[in-house]
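Q: Kindly generate the corresponding structure for this input.
(2 chains)
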Amino acid sequence: MLNPQLKLNTKIFNEDVEQVPIRKGFGLGLVIAGEANKNVVALCADLTESTQMHLFKEKFPERFVQVGVAEQNLATVSSGMAAMGKIPFMSSYAMFSPGRNWEPIRTSICYNDRPVKIIGSHAGISVGPDGGTHQAIEDIAITRVIPNLDVISPCDALEAKRATIEIAKTKKPTYLRLAREKTPIITTEETPFVIGKGYIYWMPDMGLAQVGIITTGALLYRAIMVAKELEAEGIKIKVMNLATIKPIDSESIITLAKETRAIVTVEEHQIAGGMGSAVAEVLAQNFPVPIEFIGVNDKFGQSGTQDELIEHYGMGKDSIKEAVRKALSRKN
Amino acid sequence: MSFLTQSKILDLEKKANDIRISIIESLIEAKSGHTAGPLGMADVFTLFYFHILKHDPKNPTWPERDRLVLSNGHICPVLYSTMAHAGYFEVEELKTLRKFGTRLQGHPHREYLPYVETSSGPLGLGLGQAVGMALADRMDNGANTERYIYCFLGDGELDEGSNWESIMLAGKNKLRNLIAVVDRNNIQIEGYTEDVMPLESLADKWRAFNWHVIEVSGHDFQALNEAVEEAQAIYEKPTVIIAHTIPGKGVKEFERDYRWHGNPPGSGPEDKIKKAEQGAVALAELRTLGGQIISEHQ
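A: Residues are numbered from 1 along each chain as shown, chains lettered A, B, ... in the order given. As a prediction, the model looks like this:
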């Protein structure tokens, strides 16, 4: 069942469940953050509509800076604005920011400790027809490895909106990962979001769970579907939404592993170095259990629809179910 | 800022000499670091910290202060020496340069030394930050803001494409409150800039990006001062002052030799002075103002 304490979207299993792009939630959240704090400013590298930053730009044109197709400058200019007391949100596609500008982000923002919020839109394989050059599936790995950088990957547009509002309040450099396509709304306005906390979104109606699925981003939806379908087969599953990859919620992960003794991680990202690896680091040091990783297996993306690509690269429901069965079989 | 009297210029020359001595002393103690750039830029730094900048060493976080961003962070021995002589911290602390636990990191780090405006080292990142500061200042104080953002850059540093992104944006936004100073010393690690990656015509490049350009000697206080005053008066564009400097200025045996870019005295090329004597020779030359003083005073 859905965790009743979290006030999740009860219509989640409807055919016509509401679907909104995660990036849209950011766009709305940035306007709210801008209204709450006049020091919030926005910068973009020629992608305001794609990243939904145009909503802020229209509302606060005097607080918006267009840098053109220049992602390194996007990072350093943001750093300079933060030096003068601004809270800069900088947006582009994840492949270009933090992809192209990784070192300027490291040096001028993280090492230099400036409260810049790095928005990487169009992350994951589901970017679709643009193809492999535009599908960032390494961005979690390259950001979580930088000291002094928080890394957040919201599961739906509402969580993205909440996350945007919350990160505007911190003094930390932060990376926020967004997706392009419409995905189901899983949360409601009342669902809590706390930076650094993982939440159980699905649990067995009764009894202990046998497998824990830890997931981040829009694939949470498929993970919940899998849990629901496997419940009918008698397999009890808990599904955790790990929206904050860094700082990681070690306590909740260890608690889940202690209950289930088997974990499956699910992310729209390379298996190498992503959220699954972060989970494995926690469990290997504290409570080793069999872990199966669902993600892209060391390949580049390609053109296709969201659903085609997710299936093709092994992140669909059947792949997740197979991983659950494998994890179960590895328990001793 | 105002016209420099002869007396003020003599003060600045003496101060720059003291700063050069501190640079050499700190590099000898550190046993690593950069010599040519710091010596070459000592006059520019002296003029800024002792005449041009609106700042208060005893109140380093004063919000209305001018900002000076050092983009080519490797020349930090001159930044540290100048800041110490200006009163930000004790001159004694310069002996800790590059040592474990020091506030004076090998390349400036804001976390350790809070008085620097940014951490730097990797080239090509400072100007963007200066542009961001200038943009934020205009958001808050309007186009007529009286505060200036200065950015010092190396010439070899301009090989980095990221600079040109920042230069384009500054030109687009007509940032009159942004003034860049390029240390045109014609050297980089592997040789002379015009052999490694030719920059000329450097002035034309900046002009093409809609900047006002002034070329001046980096060792002439009066001309530098006038250049800054001219830059401050330009309303429609940001200004770059291309300061022609002699790398290693102050120690004749080090001057104009690119091999002194990244070596401290004691590790430099030996064709003129043996390594073991490089520090002592440099200090003697500076302390006697190039041999003008017959006996050395402690």
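Q: Need phi/psi at the nearest residue to residue A:202 once chain neighbours are set aside.
A: Closest residue in space to residue A:202, ignoring its immediate chain neighbours: residue A:239 at 3.9 Å, by C-beta to C-beta, 6 or more residues apart in numbering or on different chains. Yep, even glycine has a C-beta here, placed from its N, CA and C like the rest. Reported as degrees, to the nearest 10, the phi and psi values for residue A:239 are phi -120, psi 130.
Q: repeat for the one 5 residues further on
A: In this entry, residue A:244 is assigned phi and psi values of phi -100, psi 110 (degrees, to the nearest 10).
Q: Around chain B, pick out the residues from chain A.
A: A:41, A:62-63, A:65, A:67-68, A:70, A:72-73, A:75-86, A:88, A:103-104, A:107-108, A:111-113 (C-beta under 8 Å from any C-beta of the partner chain).
Q: Run through the bridge partners of the residue nearest to residue A:202.
A: residue A:202, residue A:213 (DSSP bridges).
Q: Which positions in chain B make contact with chain A?
A: Counting by C-beta under 8 Å from any C-beta, chain B sits next to chain A at B:67, B:69, B:109-111, B:117-122, B:124-137, B:139-140, B:161-162, B:165-166, B:168-169.
Q: how about a cut-off of 6 Å?
A: Within chain B, the residues that sit near chain A (C-beta under 6 Å from any C-beta of the partner chain) are B:110, B:118-119, B:122, B:125, B:128-129, B:131-133, B:135-136, B:162, B:165-166, B:169.
Q: so which of the residues you listed is the most crowded?
A: With neighbours defined as other C-beta atoms under 10 Å in any protein chain shown, the most crowded of the residues of chain B next to chain A is residue B:132; it has 35 neighbours.
Q: Nearest residue to it in space, ignoring adjacent ones along the chain?
A: Here the residue nearest residue B:132, using C-beta to C-beta, 6+ apart, is residue A:80, at 2.3 Å.
Q: what's the helix or strand containing the one you found in contact with?
A: Counting by DSSP states H and E, the element that carries residue A:80 is helix A:71-83. Contacts to helix A:71-83, defined as C-beta atoms under 6 Å, 6 or more residues apart in numbering or on different chains, come from residues A:41, A:43, A:45, A:67, A:88, A:90, A:92, A:96-97, A:100-101, A:104-105, A:108-109, A:114-116, B:125, B:128-129, B:131-133, B:136, B:162, B:165-166, B:169.
Q: Mind listing the strands the helix or strand following that helix pairs with, and their directions?
A: Next helix or strand after helix A:71-83 toward the C-terminus (DSSP H and E): strand A:87-93. Looking at strand A:87-93 with DSSP bridges, its partner strands are strand A:40-44 (parallel), strand A:117-121 (parallel).
Q: which helices and strands does the helix or strand harbouring residue B:23 pack with?
A: Using DSSP H and E, residue B:23 sits in helix B:6-30. Where contact means 3 or more C-beta pairs under 6 Å, 6 or more residues apart in numbering or on different chains; DSSP states H and E, helix B:6-30 is packed against helix B:36-47, helix B:76-86, helix B:275-287.
Q: now stretch A:216-224, how far from the chain's geometric center?
A: 10 Å (C-alpha atoms, centre = their mean, to the nearest Å).
Q: Could you find the closest non-adjacent residue to residue A:220?
A: Counting by C-beta to C-beta, 6+ apart, the residue nearest residue A:220 is residue A:155, at 4.2 Å.
Q: Please work out how many residues are found near that neighbour.
A: For residue A:155, using other C-beta under 10 Å, the count is 31.
Q: now residue B:255
A: 15.
Q: helix, strand or coil for the nearest residue to it once chain neighbours are set aside?
A: Of all residues not flanking residue B:255 in the chain, residue B:248 sits nearest, at 4.5 Å (C-beta to C-beta, 6+ apart). Per DSSP: H, G, I helix; E, B strand; the rest coil, the secondary structure class of residue B:248 is coil.
Q: got it, and the one 5 residues further on?
A: Under three-state DSSP, the three-state class of residue B:253 is helix.
Q: residues touching it, list them.
A: Residue B:253 is in contact with B:272-273, counting by C-beta under 6 Å, 6+ apart.
Q: if I look at residue A:70, how far off is residue A:236?
A: Distance, residue A:70 to residue A:236, using C-beta to C-beta, to the nearest Å: 51 Å.
Q: Neighbour count: these two, which is higher?
A: The residue with more neighbours, out of residue A:70 and residue A:236, is residue A:70; 25 against 17, by other C-beta under 10 Å.
Q: So for the residue nearest to the spatial centre of chain B, what's the pLDDT?
A: Geometric centre of chain B, nearest residue: residue B:41, 4.7 Å, by C-alpha atoms, centre = their mean. pLDDT, residue B:41: 98.
Q: how near is it to residue B:35?
A: Taken as C-beta to C-beta, the span from residue B:41 to residue B:35 is 11 Å.
Q: Could I get the average pLDDT for stretch B:46-60?
A: On average, the pLDDT along stretch B:46-60 is 98.
Q: one step back: these two touch, right, the residue nearest to residue A:220 and residue A:241?
A: Yes - if you go by C-beta atoms under 6 Å, residue A:155 and residue A:241 touch, sitting 5.2 Å apart.
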